[in-house]
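Novice: Sequence and predicted structure, then a few things I'm wondering about:
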Amino acid sequence: MGKIILTSQGLCTQMGDRLIHRAISDMGDRENKKILLVDIKKYRITEKLKDACISMGFEKSNIFVTSEAEAGDFSDFFEYYYVTAGNTFEILKEIRIKKTCRFNKKKYVRK
């Protein structure tokens, strides 16, 4: 699994941009690496998120967005998974609908 990026600041803020740059700086060159942006269409920030990724060194062709795809389109491996800031329940719903996460509940539930 790739690196998951979670922040309440988001890529659309100066503070969030700094935090995320710092979090992914250890992964080296990003030109050939894929990123999956988990976003909510009604937030209308998809283009800002893509622009922020391009400014971090990602190629446009390696930026994938959940709000622009159908369920099950994400069978590829991604080096980075960015989960947008916003309503937690809407974001989890988007992840479930698009089947971007296939975690085994038994493996992660503490008894």
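Specialist: Arrived safely, thanks for sending. Numbers count the residues shown, from 1 in each chain.
Novice: For the rest of this, base every contact and every neighbour count on C-alpha atoms.
Specialist: OK.
Novice: Show the model's pLDDT score for the most centrally placed residue in the chain.
Specialist: Central residue check for the chain by Cα atoms, centre = their mean: the C-alpha nearest the mean position is that of Tyr82, 2.0 Å away. Note on Tyr82: pLDDT of 85.
Novice: ok, the residue nearest to Met56 when sequence neighbours are not counted to Leu11 distance?
Specialist: Nearest residue to Met56, sequence neighbours excluded (Cα to Cα, 6 or more residues apart in numbering): His21, at 7.2 Å. Using Cα to Cα, to the nearest Å, His21 is found at 10 Å from Leu11.
Novice: Check Asn87 too.
Specialist: 16 Å.
Novice: Those two: which is more packed in?
Specialist: Counting neighbours by other Cα atoms under 10 Å for Asn87 and for Leu11 shows that Leu11 has the greater number, 25 against 9.
Novice: Look up which residues are beta-bridged to the residue nearest to the centre of the chain.
Specialist: Beta bridges link Tyr82 to Ile5, Leu37 when assigned by DSSP bridges.
Novice: residues in contact with it?
Specialist: Each residue near Tyr82 by Cα atoms under 8 Å, 6 or more residues apart in numbering is listed here: Ile4, Ile5, Leu6, Ile35, Leu36, Leu37, Val38.
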